[in-house]
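**Q** model this:
(one chain, ligands or ions: 1)
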Amino acid sequence: MQTEDGSARDQRGASGEGMLRPIYIQNSRLPGILSLFTPVRLWSFTIPPFTFCEETLDDATIQHEMIHMRQWLELGIVGFVLLYSGLWALNVLRGMNKYEAYFYNPMEHEACIHESDAGYLVSRPAWAWLKYLGGKRNG
Ligand SMILES: [Zn+2]
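**A** Numbering: from 1, shown residues only. As a prediction, the model looks like this:
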């Protein structure tokens, strides 16, 4: 895009605008259908290159799903699915209920904590979810 003075405008805004984004599929029935097989009810989810949402995506959900998109890119599809489900199961084995196990999954924990953090995607280091490993211990 050209500005009035003819210089190229930086496309990477503070919200991560211009970065690799999923293709948004809104008003989708897939989150409800997938929820039949997941321990918590899904409202939106990302499987690159798509983000599916049961209703209309708000800014926080878009950022949440873009954080997951980065995690997918770091781990690959098989790595993400295996690690995400394995870490959820490990949390259950550690004594958490299914909601705690979901939130304290390090990938989910990173996305939830930073979903309203403007600029996070610009400054986020690669593999940032590792920081949330073992985020809550039972007892
Ligand atoms: Zn999530």
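**Q** can we go C-alpha only for contacts and neighbour counts from here?
**A** Noted.
**Q** For stretch 36-43, measure first residue to last.
**A** Stretch 36-43 has an end-to-end distance of 12 Å (Cα to Cα, to the nearest Å).
**Q** in it, what's buried?
**A** Across stretch 36-43, burial judged by 16 or more other Cα atoms under 10 Å covers 42-43.
**Q** next helix or strand past the longest helix anywhere in the chain?
**A** Across the chain, the longest stretch assigned as helix under DSSP state H is helix 59-93. The C-terminal neighbour of helix 59-93 among helices and strands, as given by DSSP states H and E, is helix 98-103.
**Q** quick one: buried residues of that following helix?
**A** With burial defined by 16+ other Cα under 10 Å, the residues of helix 98-103 counted as buried are 98, 101-103.
**Q** any idea how far it is from the chain center?
**A** Centroid displacement of helix 98-103 relative to its chain, using Cα atoms, centre = their mean, to the nearest Å, is 15 Å.
**Q** what about dumping the CA coordinates of that helix to CSV?
**A** Provided in CSV are the C-alpha atoms of helix 98-103 (Å, rounded to 0.1, in the frame of the first residue of the first chain):
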residue,chain,number,x,y,z
LYS,A,98,-11.2,-31.5,32.3
TYR,A,99,-11.5,-27.7,32.3
GLU,A,100,-8.3,-27.1,34.2
ALA,A,101,-6.6,-29.6,32.1
TYR,A,102,-7.7,-27.7,29.0
PHE,A,103,-6.7,-24.2,30.3
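**Q** Give me the packing partners of it, helices and strands only.
**A** Applying 3 or more Cα pairs under 8 Å, 6 or more residues apart in numbering; DSSP states H and E, one finds that helix 98-103 makes contact with helix 59-93, helix 106-114.
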